[in-house]
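Enquirer: Sequence and predicted structure are below.
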Amino acid sequence: MNPETHSTSSGQEKICQNCKNSFVIELEDFDFYKKIDVPPPTFCPECRLQRRLAWRNERSLYKDVCNLCGKPIVSMYFPDKPFPVYCRECWYSDKWNAIDYGRDYDWQKPFFVQYRELMEKVPRIALFLLRSESNVDYANFIVECKNIYLSYSAVYSENIYYSRYLDKSKEIFDCFNGKELEMCYENVDTARNFQTRFMVRSHDCLSSSFLFDCVNCQDCFMSSNLRNKQFVIRNKQYSKEKYEEEMGKINLGSHRTENDLKKEFEKMAVVSLHKFSNLIKTTHCTGDNIENSKNVQKSFDIYNGENMKFCVRVVSGARDVYDAVGGSSELIYDGMAAGWGSYNTRFYTYTDGTRNVCYADWCHNSSSLFGCVSLRKKDYCILNRQYTKDEYENMIPKIIEHMNAMPYVDTRGNAY
């Protein structure tokens, strides 16, 4: 046994290859790794998350030009990037074909060196905009949206401004991590609110402002820990007439008044009861901001998920997922933004509709890929080179054996 590994009653304790701290791979984790046919990780969960997030630049946008048509574009990549970047129209066009960048597998080189060399040659799309074409030039990581401005990671939404993590929402300004919101301003960790302002960890509310940890409330103001209430101000119950009279005394259109109310709200939230975790309709879940999910462990910002661990911002319908950021797919491991409808995809970045794929970057609607970049509607490819089904299936075991025999070298050429 590796001297940096030893078994415990709950699993196997290992030393992180990166930070050198110990971490435990639990017994049920090995079942998942066997199911998806990957070796156990050598990085701890925290270092694995940092490694994934290094691939995801959501909020820094740069002026650039499309390397194909030459028109000005907004890109998530710094202008001195080593690879070409195309505008959305060019990247999805028939003016180029990623298969033309294919190369033979070099048995004298480590796989990751070859993979990085390919990454630095194949064009990428400037922004992650899936099925979104109307007024989304200043947004990133959005799916089926329109009219999105300086907002990031939005799904099925419209008319969203200066916000992040919004799903199935519309008419939103300055909100963070919400779903099914409408006409909301400065909502944080909320769901199914309508016409609400300055809400934190409150859901199913309408026509309310400055609420902390409130549920199913209407016409409430500057209160916390309310459930199923109406006409409440500062946690005091009023009649409808008295509520309207008291609210009429507050000039909500004044900037000075709003700043004073924000300070009051912050103080109120500090002394209010805080739930240990925002878990709603969950079974066997740990983490925060998890809803309608089962067996989701050590994860954050998840809803309608099942059998997941070490995940962040994985949305409705995902299951059997470990170590993922973004997307909604099944049987997924260690990657960034698996998109929608992917299955059995491992070690990936920005895939969508992929099946039986390992080491892929910006590949869409493809299957049986290994070490490919920017392929669309392709099957049985290795390093962007097309093979027959038999050739592909014969080569993959040999490549894996070659990878195991070579010293581990990451995509930057660092040996371990």
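Expert: Perfect, thanks for sending it.

Enquirer: make it CA atoms for all contacts and neighbour counts henceforth
Expert: Fine.

Enquirer: gap between stretch 101-110 and the chain center?
Expert: In terms of C-alpha atoms, centre = their mean, to the nearest Å, the centre of stretch 101-110 is set 31 Å apart from its chain centre.

Enquirer: List of residues touching it?
Expert: 114, 118, 121-122, 382-386, 402-403, 406-409 (C-alpha atoms under 8 Å, 6 or more residues apart in numbering).

Enquirer: could you flag which of these are buried?
Expert: 114, 118, 122, 382-386, 402-403, 409 (16 or more other C-alpha atoms under 10 Å).

Enquirer: So which of the residues you listed sit within helices?
Expert: Judged by DSSP state H, the subset of these located in helices is 114, 118, 402-403.

Enquirer: how about those in a markdown table, adding distance to residue 21 and pLDDT?
Expert: Output for these, formatted as a markdown table (distance: C-alpha to C-alpha, whole Å; pLDDT from 0 to 100):
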| residue | distance to residue 21 | pLDDT |
| --- | --- | --- |
| 114 | 30 | 96 |
| 118 | 33 | 97 |
| 402 | 29 | 93 |
| 403 | 26 | 91 |
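
Enquirer: Roughly how far does the most centrally placed residue in the chain sit from residue 236?
Expert: Using C-alpha atoms, centre = their mean, the residue of the chain that lies closest to the mean C-alpha position is residue 326, 2.3 Å off. Look at residue 326 and residue 236: by C-alpha to C-alpha, to the nearest Å, they are 41 Å apart.

Enquirer: Now do the same contact list for residue 151.
Expert: By C-alpha under 8 Å, 6+ apart, the contact list for residue 151 reads 59, 138-140, 160-164.

Enquirer: Make TSV out of the residues you listed and add neighbour count and distance to residue 173.
Expert: Converted to TSV, these look like this (neighbours: other C-alpha atoms under 10 Å; distance: C-alpha to C-alpha, whole Å):
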residue	neighbour count	distance to residue 173
59	16	16
138	17	15
139	29	14
140	28	16
160	29	6
161	20	5
162	16	6
163	25	6
164	25	10
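
Enquirer: Pick out the most distant pair among the residues you listed.
Expert: For the contacts of residue 151, the farthest-apart pair by C-alpha to C-alpha is 59 and 160; their separation is 14.8 Å.

Enquirer: List of residues touching stretch 37-45?
Expert: Stretch 37-45 is contacted from outside by 14-18, 21-23, 25, 30, 33, 310, 323, using C-alpha under 8 Å, 6+ apart.

Enquirer: Pull out the CA atoms of the helix or strand harbouring residue 153 and give them to me as PDB.
Expert: Assigning secondary structure by DSSP states H and E places residue 153 in strand 146-155. Provided in PDB are the C-alpha atoms of strand 146-155 (Å, rounded to 0.1, in the frame of the first residue of the first chain):
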ATOM      1  CA  LYS A 146     -32.700  36.600 -23.500                       C
ATOM      2  CA  ASN A 147     -32.000  40.200 -22.500                       C
ATOM      3  CA  ILE A 148     -29.200  39.400 -20.000                       C
ATOM      4  CA  TYR A 149     -26.800  42.200 -19.100                       C
ATOM      5  CA  LEU A 150     -23.700  41.900 -16.900                       C
ATOM      6  CA  SER A 151     -25.200  38.800 -15.400                       C
ATOM      7  CA  TYR A 152     -23.700  35.300 -15.100                       C
ATOM      8  CA  SER A 153     -24.800  31.700 -14.700                       C
ATOM      9  CA  ALA A 154     -28.500  32.200 -15.600                       C
ATOM     10  CA  VAL A 155     -30.800  29.500 -17.000                       C
END
